[in-house]
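Student: predicted model and sequence below, questions to follow.
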Amino acid sequence: GFALIEQSSVNDNKGRGMVHKAVVNVGYSPTFDGQENKEKIVEAHLIIDEGEIEGDFYGETMRLGLFGSLRPEMKFPSFPELIQAITNDVATAKASL
């Protein structure tokens, strides 16, 4: 999908107000036993080049456009396997978007 971090009068850091490629999870984050979310959450991983965004964007408004599905949400045996799956998702999204 795509993500847009909105510009504001408070924060005009680099990377705001422009569209970025993204992979997004909508679900419960089941990988970590005992830490699953009770409600569905949305997690976006922006696909950016070094220096394309200045600072973090916690607390800022982000708009997402979702256009398809790469795989179902799943539980991974380990954190490194989760990271590898996200890395694969990013590669697929880069080629597809």
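Tutor: Sure, I can see it. Predicted model, so just to flag it, every value in this text is computed and none were measured.
Student: could you use CA atoms for every contact and neighbour count after this?
Tutor: OK.
Student: pull out the buried residues from stretch 55-74.
Tutor: Leu64 (16 or more other C-alpha atoms under 10 Å).
Student: how about the helices in the protein?
Tutor: 79-96 (DSSP state H).
Student: quick one: low-confidence parts of it?
Tutor: 9, 11, 32-34 (pLDDT under 70).
Student: what ranges does it have for its strands?
Tutor: 2-5, 19-27, 41-47, 62-65 (DSSP state E).
Student: got those as a markdown table, with distance to Phe76 columns?
Tutor: Converted to a markdown table, the strands of the chain look like this (distance: least, C-alpha to C-alpha, whole Å):
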| stretch | distance to Phe76 |
| --- | --- |
| strand 2-5 | 25 |
| strand 19-27 | 14 |
| strand 41-47 | 17 |
| strand 62-65 | 25 |
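Student: quick one: which of those is nearest Leu82?
Tutor: strand 19-27 (12.2 Å; C-alpha to C-alpha).
Student: quick check: which helices or strands does the closest one pack against?
Tutor: strand 2-5, strand 41-47, helix 79-96 (3 or more C-alpha pairs under 8 Å, 6 or more residues apart in numbering; DSSP states H and E).
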